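Participant: what follows is a predicted structure for the sequence shown.
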Amino acid sequence: MTTNATGPHTLGKVRPHPTQNEALLFEKSSPGKRAYMLPPLDVPAVDAAALLGPAHRKTPGQLPELSEIEIIRHFTRLSTWNYAIDLGMYPLGSCTMKYNPRVNELVARIEGLAEAHPYRPDSLAQGILEVIDLLQCCLLEITGMDAITLQPAAGAHGEFTGILLVRAWHESQGNPRRKIIIPDSAHGTNPATAAICGYTVENLKSNAEGGIDLEALAAQVDYETAALMLTNPSTIGVFESQIARIAEILHAKGALLYMDGANMNALVGKARPGDFGVDVMHLNLHKTFSTPHGGGGPGSGPVACKAFLEPFLPIPVLVQNENGTKHWKYDRPQSVGRVRAFYGNVGMFIRALAYILANGPDGLRQTTEDAVLNANYIRKKLDGVYELPYKTASMHEVVFSDKLQAAKGVKTGDIAKRLIDYGFHPYTVSFPMIVHGALMIEPTESESLEELDLFISAMRSIAKEVEETPELVKTAPHSTRVSRLDEVQAARKPILRWRPVE
Amino acid sequence: MAYPANYRYTREHEWIELSGSIGTIGITDYAQNSLGDIVYVDVPKVGDPVTANATFGSVESVKAVSDLFSPVTGTVTAVNEELKSAPDKINEDPHGAWIIKVEVADPSQLDALLDSAAYEAFVSEETGS
Amino acid sequence: MLAEIGAASIDDLFAVIPAGNRLDRDLAVPRAHAESEIIDYFRSAGRKNATGYASFLGAGAYRHYRPVIIDSLVQRGEFLTSYTPYQAEITQGTLQAIFEFQTMIAELTGMDVANASMYDGSTGAAEAVRMAMRVTGREKAVVAATVHPEYREVMATYARHQELPSTLVGYDPKTGRVDLAALEAAITQETAAVLVQSPNFFGVVEDIPAIAAIAHAKGALLVVSIAEAVSLGVVRPPVEADIVSLEAQSFGVALSYGGPFCGVIAAKEQFLRQMPGRLVGQTVDGNGNRGFVLTLSTREQHIRREKATSNICTNQALVALMATIFLSVYGKEGIRELAEHNLAKADYAAKALGAQPGARLLFAGSPRFNEFVLQSEEAPAAWSQRLLDKKIVGGIGLARWYPELDNSTLWCATEMVTREQIDTAAKVLAAAAVEAL
């Protein structure tokens, strides 16, 4: 244990280390510096002003001018200010911050795949079309669904696409219907999506166990209900054991069951949404299937559905010819249309397929089992140290509340900031909203027992600090390059770009 | 902080002060305290109608948005321009920093609102104090 | 660990899933592959995809040189495997880089503010139009037929359920530019947004000042979509626009068969609070040090939920970082020089191909960047195979989107195309005419 000026100890996981300061690119810029060289022009040069006339750009954009070493140092220094999975655990609930395999980066950059133009003739694209087809087949098998589109660019985009399918189907049945039911524990993208699709959102209060209240649901579902948007396991990490009954209640009134697949890391290889009544769902390749978060994206949000929704899938769909080759089919009269140009985030498909191939059936099942095991281990070890608001069994994530610490005036956000001093990224703070002062923790299968024990020790140590020296926790973090940033000023007087000093 | 005796209050934590037929409207100390540092106020334009119990704008902190509900029906006659650059005035002086002024169609609508004692009691109930 | 938890076996932890819902067999996915096998599989797919072809394809996805340091830097684990920067104290690297990205995009587009990225240019355009609806309180859109057809399809999908009726305005067949008279007639007091693309789908630069004047006269906002970002090095930015939706793929993002790409929305300052997507702002910490945070979050889904400006959560952060590095490498002078090279290549190609018997350059008098439309006497399908035989992928046939242009193809010549490839393509076209005799 190392003694640290900012507190009794930090478990030896972190020590201070100098990091380089680094200004903005524009502040280091100097006219005449350059980092590029174009090959000599092999065609006659042109007079841009003459060619473009009034469309010619007279003043260049004020981009910085730097040398290559300055650019390398700039971004390298910036990178050292970031926490990342490669440095340590992220206990972020519902984010599934698992290891991003490096082989994925290599295969995504293979020339024939990385340099393929989306409009190249099908005869020259069979390689990538086979990759797309194999991924589709694997994801259908994993979800137990009948049809799939890989077009959506992220989870929220997938939700949008899925609800479009729901709407299209209802329209084909004569009534688009007006409402979508969403549990109050849902991720914010769910109601935002429903609104974009022209539906009114009806909230469904969770029951005392944090799950769906069947009676309330049965009372709320009527012939104007288009669907229920459900996350399963829920955002408190609990499997809706009544899911089959939920599906029945909906189907009895002709409503559909949409599943937000953000928590698939608890189900892959153990249960399939298509087998328990889900009609349409989205997946997050950047969660369950290991594609990297990259500081906020790109993601990919495939949407899988049952056969009756297949005719409505976005165009184009991939079809197989008689001779085994594949092509894109656009002639689909009932399609909801496109949700984006081209075919989807293909670079992420390659990475997700590489992950599936690396695991195989046993690896995928083992991954899920380890994820659930790790979460339950943390739950057992921290139960009583932090309040467990729901006693139902957790799957791959566990939700605590800050109730025991609130008596000392310490909130979940403070505890999260203090966790940074111990060398961890915070867990998910204050979500889901049905838990007051939530701490949502999802370790994923990637974490070893050693890392889990360090995390548990850190959380216990912080709980002790809350009792003995609450101010230390309330003013955390103490060990970072910058201390807590003034978000109020940032919102009151937004400065969203650098400007040259006059 | 005391709640001015000549104001009337809503259960959504707005206050209104009537002078002749003009009602001056803001939010209470309880409201600004719950919201935290206010960063932005979304207001209607002069001339816009407002309806009792309907929203007329919103107040934002860094992490939350709260709708503003009008205590009365009428037409907006003035908007506090100061709040554009200094929304924190509401935190500093919630009962002085007004948000809009309204030409009140029916002044008797204020009779249905809470007086300062009733509002104070309502807030005590809400906070359990 | 199981002992610690008090479970007898791992199955106990899954008992909460009713037996009838559990999968009791192995998933029917391919067996586990060794790392070397994974690489072999994808290499083989890459070979089947056929490399070594020269390409004259553009149409919303552009082949530009990607400086090596882009991948060196974005593959650093601290960028690659970092999460969304909600915890600002430990993500200053990502946040500062995004702030720099926002600045560069604003500079290049002539707007006041830019966001931290949208999914791509097509969804960005749709979101920009929705933004204009929120700002104006109006409900209709007018869309130029010279906007990328797939972008228009996406808009139609988004519009269908928002009751956003939109009118399509055609182009002048001589100039390839939006028909201004038709545009004026189509815009009403109910028009929220006028959406054009520049350079447009045909590669022609639109008359933005004229279009802006027409739109603003009726109180509508002008939304300009830009699909070929490198054009901003030499083409005048659309400063009269109210909102710009940019596809930044040309700035160092691999083609990757269509994604991931990099959309951005930029706008005039007064529309800031209606912008979708994340925004990074500058601020100070407790000790007065400059730092950066995500800001104005109350616009977004995690706070506003159903009243959010968009449902977007995950964006294109790492791809935006590629664009930032690309723009740093080229810099102020380089982006202009790069754009001028594109202009020169395309000009040479347009003249060389347009001069072949049976071929005609369309919209010849209009300013264009690196794309042009060629009309041929012979059907494109015939000579495109001859080009493929020479390992050249020629321009894309326009008939699938513009039936009135059925013997026309859209060609793109970037700095990556060589004179030799252009000359070869010209010879193949000439041969077609000979064979047709």
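Facilitator: Happy to help now that I have it. Numbering: from 1, shown residues only, chains lettered A, B, ... in the order given.
Participant: so where is chain A shaky, pLDDT-wise?
Facilitator: A:1-9, A:502 (pLDDT under 70).
Participant: so which residues of it form strands?
Facilitator: For chain A, strands defined by DSSP state E occupy the ranges A:147-149, A:179-183, A:200-204, A:225-231, A:256-260, A:280-282, A:303-305, A:317-320, A:326-329, A:398-401, A:428-429, A:438-441.
Participant: okay, those in CSV with distance to A:Leu25 and mean neighbour count next?
Facilitator: (C-beta placed from N, C-alpha, C; glycine too.) CSV is the format used below for the strands of chain A (distance: least, C-beta to C-beta, whole Å; neighbours: other C-beta atoms under 10 Å in any protein chain shown):
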stretch, distance to A:Leu25, mean neighbour count
strand A:147-149, 39, 24
strand A:179-183, 43, 24
strand A:200-204, 43, 17
strand A:225-231, 40, 26
strand A:256-260, 39, 28
strand A:280-282, 37, 30
strand A:303-305, 39, 29
strand A:317-320, 42, 14
strand A:326-329, 41, 15
strand A:398-401, 41, 26
strand A:428-429, 32, 22
strand A:438-441, 36, 25
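Participant: contacts only, for A:Pro64.
Facilitator: By C-beta atoms under 8 Å, 6 or more residues apart in numbering or on different chains, A:Pro64 lies in contact with A:25-26, A:28-29, C:328, C:331-332.
Participant: report the two of those separated the most.
Facilitator: Across the contacts of A:Pro64, no pair lies farther apart than A:Lys28 and C:Lys332, at 13.4 Å, counting by C-beta to C-beta.
Participant: next secondary structure after the helix or strand of chain C with the lowest mean pLDDT?
Facilitator: When each helix and strand of chain C is scored by mean pLDDT, DSSP states H and E, helix C:301-304 comes last, with a mean of 67. For helix C:301-304, the following helix or strand on the C-terminal side (DSSP states H and E) is helix C:317-354.
Participant: looking at that following helix now, give me its mean pLDDT.
Facilitator: Mean per-residue pLDDT for helix C:317-354: 97.
Participant: what's the answer for stretch C:153-170, then?
Facilitator: 85.
Participant: can you mark which positions in that stretch are buried?
Facilitator: For stretch C:153-170, burial by neighbour count (16 or more other C-beta atoms under 10 Å in any protein chain shown) applies to C:153-162, C:164, C:166-167, C:169.
Participant: that stretch spans what distance, first to last residue?
Facilitator: Stretch C:153-170 stretches 16 Å from its first residue to its last (C-alpha to C-alpha, to the nearest Å).
Participant: kindly report the same for stretch B:31-42.
Facilitator: Note: stretch B:31-42 ends 16 Å apart using C-alpha to C-alpha.
Participant: contacts for that stretch, please.
Facilitator: Residues contacting stretch B:31-42 (C-beta under 8 Å, 6+ apart): A:488, A:491-492, B:13-14, B:57-64, B:66, B:83-84, B:87-88, B:90-91, B:94, B:99, C:273, C:298.
Participant: buried stuff in it?
Facilitator: B:31-32, B:35, B:37-41.
Participant: lowest-confidence entry in those residues?
Facilitator: B:Leu35 (87).
Participant: distance check, that residue against B:Val79.
Facilitator: The spacing between B:Leu35 and B:Val79, counted by C-beta to C-beta, to the nearest Å, is 19 Å.
Participant: again with C:Ala254
Facilitator: 50 Å.
Participant: next: C:Ile226.
Facilitator: Counting by C-beta to C-beta - C:Ile226 and B:Val79 are separated by 37 Å.
Participant: between the two, who's got more neighbours?
Facilitator: A side-by-side neighbour count of C:Ile226 and B:Val79, using other C-beta atoms under 10 Å in any protein chain shown, places C:Ile226 first with 29 against 19.
Participant: might you name the residue of chain B sitting closest to chain A?
Facilitator: B:Val39 (3.6 Å; C-beta to the nearest C-beta).
Participant: tell me the spacing between that residue and B:Leu83.
Facilitator: The separation that B:Val39 has from B:Leu83, given C-beta to C-beta, amounts to 11 Å.
Participant: number of nearby residues for C:Ile69?
Facilitator: Number of residues near C:Ile69 (other C-beta under 10 Å) recorded here: 18.
Participant: tally up the residues packed near the closest residue to chain B within the stretch 101-250 of chain C, please.
Facilitator: Taking C-beta to the nearest C-beta, chain B has its nearest neighbour within the stretch 101-250 of chain C at C:Gly137, 11.2 Å off. When counting by other C-beta under 10 Å, one arrives at 7 neighbours for C:Gly137.
Participant: how about stretch C:283-293 as PDB, C-alpha atoms only?
Facilitator: Provided in PDB are the C-alpha atoms of stretch C:283-293 (Å, rounded to 0.1, in the frame of the first residue of the first chain):
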ATOM      1  CA  THR C 283     -13.800  25.900 -19.800                       C
ATOM      2  CA  VAL C 284     -11.600  26.000 -16.700                       C
ATOM      3  CA  ASP C 285     -11.000  23.600 -13.800                       C
ATOM      4  CA  GLY C 286     -10.800  24.500 -10.100                       C
ATOM      5  CA  ASN C 287      -7.300  25.800 -10.400                       C
ATOM      6  CA  GLY C 288      -7.900  28.000 -13.500                       C
ATOM      7  CA  ASN C 289      -6.400  25.500 -16.000                       C
ATOM      8  CA  ARG C 290      -8.000  25.400 -19.400                       C
ATOM      9  CA  GLY C 291      -9.900  22.200 -20.100                       C
ATOM     10  CA  PHE C 292     -12.600  20.900 -22.300                       C
ATOM     11  CA  VAL C 293     -16.000  19.300 -21.600                       C
END
